[in-house]
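J.: Sharing a sequence plus its predicted fold:
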Protein chains: 4
Amino acid sequence: MKAGIINVTGYAGSELARILYRHPEVEVISVTGRSAAGQKLGQVFPHLAALDLDITEELQGNLDIVFSSLPHKASAEAVIPLLKQGIKVVDISADFRLKRAEQYEEWYGVAHPDPSYLEDAVYGLTELHQEEVSAAQLVANPGCFSTSAILALAPAVKLGLIEPDIIIDSKSGVSGAGRGLSMTTHFSEVNENTLAYALGGHRHLPEIAQELSLMTDESLDITFLPHLVPMTRGILSSCYARLRPEQAGEGATASKRVREAYEEFYRDHPFAVVTPQPPQTKQTLGNNQCLIYPTVDHRTGRLIVISCLDNLVKGAAGQAVQNMNLMCQLPQETALESLAVYP
Amino acid sequence: MKAGIINVTGYAGSELARILYRHPEVEVISVTGRSAAGQKLGQVFPHLAALDLDITEELQGNLDIVFSSLPHKASAEAVIPLLKQGIKVVDISADFRLKRAEQYEEWYGVAHPDPSYLEDAVYGLTELHQEEVSAAQLVANPGCFSTSAILALAPAVKLGLIEPDIIIDSKSGVSGAGRGLSMTTHFSEVNENTLAYALGGHRHLPEIAQELSLMTDESLDITFLPHLVPMTRGILSSCYARLRPEQAGEGATASKRVREAYEEFYRDHPFAVVTPQPPQTKQTLGNNQCLIYPTVDHRTGRLIVISCLDNLVKGAAGQAVQNMNLMCQLPQETALESLAVYP
Amino acid sequence: MKAGIINVTGYAGSELARILYRHPEVEVISVTGRSAAGQKLGQVFPHLAALDLDITEELQGNLDIVFSSLPHKASAEAVIPLLKQGIKVVDISADFRLKRAEQYEEWYGVAHPDPSYLEDAVYGLTELHQEEVSAAQLVANPGCFSTSAILALAPAVKLGLIEPDIIIDSKSGVSGAGRGLSMTTHFSEVNENTLAYALGGHRHLPEIAQELSLMTDESLDITFLPHLVPMTRGILSSCYARLRPEQAGEGATASKRVREAYEEFYRDHPFAVVTPQPPQTKQTLGNNQCLIYPTVDHRTGRLIVISCLDNLVKGAAGQAVQNMNLMCQLPQETALESLAVYP
Amino acid sequence: MKAGIINVTGYAGSELARILYRHPEVEVISVTGRSAAGQKLGQVFPHLAALDLDITEELQGNLDIVFSSLPHKASAEAVIPLLKQGIKVVDISADFRLKRAEQYEEWYGVAHPDPSYLEDAVYGLTELHQEEVSAAQLVANPGCFSTSAILALAPAVKLGLIEPDIIIDSKSGVSGAGRGLSMTTHFSEVNENTLAYALGGHRHLPEIAQELSLMTDESLDITFLPHLVPMTRGILSSCYARLRPEQAGEGATASKRVREAYEEFYRDHPFAVVTPQPPQTKQTLGNNQCLIYPTVDHRTGRLIVISCLDNLVKGAAGQAVQNMNLMCQLPQETALESLAVYP
């Protein structure tokens, strides 16, 4: 198969190139980037010199599948013509994640370029939508925070183990903010620093709410607060909600029931791993796993779920390849077998 | 005044030496340390060479005030004889923080060396107990997490603005784990890593609960979860609780009322600063401030309070000096005027 | 005394404000900044809120001394009018460091705005030019690398202990690159990364060569290579040159003679400290010391000198205050007494 | 083939397990570790849980090849019995690197356990000894600093381009110091810190000297100084020596001749890459390349060579696998194709 990457010059784009390099069934034959057009990929990213590709302004060649890591709006505008040609698309931007165009406009501040695609686009969190992904032409790759939060909470919401009142406190490495320059990503500002941001509401909240709401009839009350911590890769989300004793039991029973529910929920999903010990972001560096650890705070009867992932892999490019594998009827693990790089 | 530091070789102890070096009214004349006894302070800590002190096994000289940064139990055993001699003591360990000896035993796993001191010991969070501190012979210096959490929540609890159901999600730099070696503080393990720990309950929880409970008749349900982030100094606590509309109002009114309540509460406290923008741990590096930012999540009606401090200053040695200043009828800011080192 | 800071919004400027805040004889009454004009200093730098100053476009008030931390060329243009009014100036830019205007043009790529000031300007490395600084109206504050390199090598060059063939390998934290955004200072690029840069020649080389050449009749052959390491503050320079056995002796004699020479050279200089053990950059964090450790590689007969400093303090703002103190006949340590913040 | 890893619990050992997991021709069937014996590999290293191995005290099963990452002396004692059984061994310790037993004793402070193996052991720097490695039963895997320094200098020494007077200034991440706890690897001590160490001589010096001396009749004068920088993985070596104009030419000729010499030297070596731009350690994270950038300091006529590698991959486990591949007549790149993880 021949693949193209639109906007390879961001971190999600270059990570896609890295992962696809080891894919036995896919060859990346075209990569685009606006400011870097005309350069070799290896000039911009020396670690990708082995791909020997030119960065062009527009995609070239006959492509079977295209990944777009453009910013929102620009991404939809770039991929809609491809969709019309029948090309498969994994869109890493937020453009096709939300089902309701007015919600998109509310959170992204622009009218959606073409809401007619929203219904057929599949939210590409494989662990929840594997069948739809396998049949999709257009997959909307989830946000990095959203992946960690939804996977952490889906079993509890689906099984009604918790009250519909949820707090998600996420900590992210700085690469999640992208390759664009800003004061917040300036080394001397963020190194040796931890901060909360987006206290007025972060754009990943509506997709978290949308996906968790699909699993329950209840109305969910979700507070989501992201934090920046001084590391390059990794997200750790700490999720809190009250257990319902009538569903989850109490004391040791609750602990056991919760754990079994999570293990059962993710039994057939190689990249959602319920861990025996609290996980650490470093245990996911460079690989496609989301590590999930549910536990009970017995003093308060609260469920706490810790989840970890690499924001550029399971939180972006790895998940995109996982989606592509399914869309192309390949085993979902293909090219994603690598273990985390530790320490 | 002449001061001594017991166990100067930990991070709290060496930070005390650094801060007291610039104190115009206090001279450190004796410092102890077990393994380092016999060495000059400057051999162990080159940055403290200017103090020109020998590390001894036991305190020496006529001391007006002693700081102990020994581990729990050892600390009580070391300072009780000093108390009997009438010497003022600021104890940085946990030995005199909890009022109930059985609670101490439950959390620290040992019987309290002498519970008779618990009643008179003052919990040295100046912003809450200034008068008692000023009259105390023995001050129990609060834990680092506890300081950030209690200061973040005290106004809301005291004024009944929130429901008694609280989540505290704290992120700490690694120096909070002390100078003792462990796998968790090994550079290659914790660098580029974020993790939650003490999921079964952290020892700072009971003091947080004790102090907040003093301000309300309600029973509080508190979940406290600490995290390690890859930086040396700094704690950021994110605190969540539902606002009570009948007390706090709703919408913009709630935002205004909360902010005014916090500003009023800390009006006369130079080291508890209600900030106009979300604070960052780096804004406290090396100084004695706790930065506090209350805000309302209008989607859910929740209060979110972010607080930041330097765990070795306001979270330990700086707060100890602040307490000492009051115990000795000096202005509480003395020697604590420095601005944060930024970036 | 009343002081002004031109371009307070860079790291050297904000560090000046931090240090001068604790100066008993100086009050900063005016600070400028181009893009931030109109804001309060505390809006741009929350840790400086206590100074309660407005950032303006132009200096205001009657000033006794002005610090400029503008970029080169702009700085000369800004301070020359002040000099004409008789105001004392410490210029942190490179504009008055080089004595030869053609060398300035060669390295900075622009003609010098007014070479007539070059002769009277004093190169403000106090340890070498204390008398001239005390009498100067205009002091050119040295570069951060230059300070670490010149102090490391001055005794050996002056006393003829080494051959005139010198390698300086410097490692710098990222704040040395300033507060301006660039790919090299983007967190995700420089974190967990080490690199050499300016392999074609770094602008601090000519001032290093100029100052060391003042101490010898020999022609010096200097290779200077800077490196970026993933930390915010700190420079460590490793300097290499062959010892002359006829001057330095050999074996243990050389070790002893070198050490004594260095201790003697810096005997009366409180901020140039010859250390008994190899120093670490962290031992200088936030303070004004340059730590210097000369040693002999007996296998090759080479002198190795390690020097460390905080690039924003002794490498910039602290040294500027040290210069100001002398220019104003104050003790040079004033406001610079703080110990390093460690760990 | 069946492989065993002695002392899998260090960083080199766990990295071997990670790399071999993706090796199509090799299965790791036995791993040992002293303190961790009895545990699953995934308990000690969660990122290696997929290997599903028990850590035992002694190797088990019929092994074709064994890697030892024990400390020196213990390693020789462990592998000599295996050699006697005819098993192939890659020894990651220093035990078989030096050809002269008395030099081993001088630097390691113990008598060599059995010098009779020194002659046949092959120093496993593939780029220099590919044929011998291919025929070897015992390969001594080079030190991490040594690999970066020797590859940086070999072409220049071999072709006589430089004077035999060499300075190697190396900067290493902290994982090079291993997984054992120490004050130097304690996060709060080494984070935000840079330091030089082993100023009296580092153990990698004799192997650097041995290997470079094999390429020339001249006696080499080498100063090697390692530094610790606050990152987990990566080594950058900056190497300095005077060019010989009669061999290298001068000016642009020298630049061209040097570059061509390096490119020619490494033409057939996929893991020694002569780069068009100065390399950065991050460009090697997790992969097996050594990036090499030779350049000329035209002001002084000096050759500067910058080299970068991942100390745990090309500096340890990756190189060990590269050696194993050759020893087993497999393509040397097998299992080592991954691109660096960037950023």
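T.: Received the coordinates, thanks.

J.: what about the strands in the stretch 151-300 of chain A?
T.: In the stretch 151-300 of chain A, the strands defined using DSSP state E, counting those that start in this stretch lie at A:165-172, A:195-196, A:221-228, A:235-242, A:272-274, A:290-297.

J.: What's the local residue count around A:I292?
T.: Residues within reach of A:I292, counting by other CB atoms under 10 Å in any protein chain shown, total 27. Every residue, glycine included, has its C-beta placed from N, CA and C.

J.: Can you name the residues bridging to it?
T.: Listed by DSSP bridges, the beta-bridge partners for A:I292 are A:V274, A:S307.

J.: Let's see the pLDDT reported for it.
T.: With respect to pLDDT, A:I292 scores 98.

J.: got a list of what it touches?
T.: If you count contacts by CB atoms under 8 Å, 6 or more residues apart in numbering or on different chains, A:I292 has them with A:L151, A:A152, A:Y262, A:Y266, A:A272, A:V273, A:V274, A:T275, A:P279, A:V305, A:I306, A:S307.

J.: State the distance from it to chain C.
T.: From A:I292 across to chain C, the span is 26 Å (CB to the nearest CB, to the nearest Å).

J.: can you check A:G42 too?
T.: On the measure of CB to the nearest CB, A:G42 and chain C end up 16 Å apart.

J.: now what about the helix or strand where that residue lies, what contacts it?
T.: Using DSSP states H and E, A:G42 sits within helix A:41-44. Residues from elsewhere that reach helix A:41-44 (CB under 8 Å, 6+ apart): A:8-9, A:17, A:31, A:33, A:36, A:48-55.

J.: what does the stretch 201-343 of chain A put close to chain D?
T.: Residues of the stretch 201-343 of chain A lying close to chain D (CB under 8 Å from any CB of the partner chain) are A:232-233, A:275, A:277, A:279-280, A:283-287, A:291, A:337-343.

J.: Apply 6 Å and report the result again.
T.: Residues of the stretch 201-343 of chain A lying close to chain D by CB under 6 Å from any CB of the partner chain are A:T232, A:Q283, A:G286, A:L339, A:A340, A:V341, A:Y342, A:P343.

J.: For the residues you listed, work out which two are farthest apart.
T.: Farthest pair in these (CB to CB) is A:T232 and A:L339. Separation: 18.5 Å.

J.: Compare the two and say which one has the larger neighbour count.
T.: Per other CB under 10 Å, whichever of A:T232 and A:L339 has more neighbours is A:T232, with 27 against 22.

J.: what about that one, distance to A:C144?
T.: 13 Å (CB to CB, to the nearest Å).

J.: Next, the distance between the ends of stretch A:18-36.
T.: Terminal residues of stretch A:18-36 are spaced 18 Å apart (CA to CA, to the nearest Å).

J.: Mind telling me what element the residue lying closest to A:E77 once chain neighbours are set aside is part of?
T.: Setting aside the residues directly before and after it, A:E77 is nearest to A:P113 in space (CB to CB, 6 or more residues apart in numbering or on different chains), at 5.3 Å. Under the criterion DSSP H and E, no helix or strand holds A:P113.

J.: My guess is A:P113 contacts A:V79. True?
T.: No. Assessed by CB atoms under 6 Å, A:P113 is found out of contact with A:V79, at 9.7 Å.

J.: between the two, which one's more packed in?
T.: Ranked by neighbour count (other CB under 10 Å), A:P113 and A:V79 place A:V79 first, with 25 against 18.

J.: so who does the more buried one touch?
T.: Contacts for A:V79 (CB atoms under 6 Å, 6 or more residues apart in numbering or on different chains) come out as A:S68, A:V89, A:D91.

J.: Give me the distance between the closest residue to the last one other than its chain neighbours and chain C.
T.: Read that as A:D91. Leaving aside its sequence neighbours, A:D91 sits nearest to A:S68 (CB to CB, 6+ apart; 5.1 Å). Counting by CB to the nearest CB, the gap between A:S68 and chain C amounts to 21 Å.

J.: for A:S68, which residues make a bridge with it?
T.: Here A:S68, judged by DSSP bridges, has bridge partners A:I6, A:D91.

J.: Any idea how many residues pack against it?
T.: Other residues within reach of A:S68, judged by other CB under 10 Å, total 28.

J.: Make sure it is actually in contact with A:G4.
T.: No. The criterion here is CB under 6 Å, and A:S68 misses it with A:G4 at 9.0 Å.

J.: Contacts only, for the residue nearest to A:D91.
T.: Applying CB under 6 Å, 6+ apart, the residues near A:S68 are A:I6, A:S75, A:A78, A:V79, A:D91.

J.: isn't A:Q103 right up against A:P206?
T.: Yes. The criterion here is CB under 6 Å, and A:Q103 meets it with A:P206 at 5.5 Å.

J.: neighbour count winner among the two?
T.: Taking other CB under 10 Å, A:Q103 and A:P206 do not tie; A:P206 has more neighbours (24 against 17).

J.: contacting residues around the more buried one?
T.: Residues near A:P206 by CB under 6 Å, 6+ apart: A:L98, A:Q103, A:W107.

J.: What is the nearest of those residues to chain C?
T.: Nearest to chain C out of those is A:W107 (CB to the nearest CB; 25.0 Å).

J.: Is chain B within reach of stretch A:244-260?
T.: No. Shown here: stretch A:244-260 not in contact with chain B (CB under 6 Å from any CB), separated by at least 10.9 Å.

J.: can you pull the alpha-carbon coordinates of that stretch into PDB?
T.: In PDB, the C-alpha atoms belonging to stretch A:244-260 read as follows (Å, rounded to 0.1, in the frame of the first residue of the first chain):
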ATOM      1  CA  ARG A 244     -22.000   2.900  43.300                       C
ATOM      2  CA  PRO A 245     -22.000   0.300  46.100                       C
ATOM      3  CA  GLU A 246     -25.100  -1.300  44.600                       C
ATOM      4  CA  GLN A 247     -23.200  -2.000  41.400                       C
ATOM      5  CA  ALA A 248     -19.600  -2.300  42.500                       C
ATOM      6  CA  GLY A 249     -20.000  -3.700  46.000                       C
ATOM      7  CA  GLU A 250     -17.900  -2.300  48.900                       C
ATOM      8  CA  GLY A 251     -14.500  -2.900  50.400                       C
ATOM      9  CA  ALA A 252     -12.500  -5.800  49.000                       C
ATOM     10  CA  THR A 253     -15.400  -6.800  46.800                       C
ATOM     11  CA  ALA A 254     -15.400  -3.500  45.100                       C
ATOM     12  CA  SER A 255     -11.700  -3.700  44.400                       C
ATOM     13  CA  LYS A 256     -12.100  -7.200  42.900                       C
ATOM     14  CA  ARG A 257     -15.200  -6.400  40.900                       C
ATOM     15  CA  VAL A 258     -13.600  -3.300  39.400                       C
ATOM     16  CA  ARG A 259     -10.500  -5.000  38.400                       C
ATOM     17  CA  GLU A 260     -12.300  -7.900  36.900                       C
END
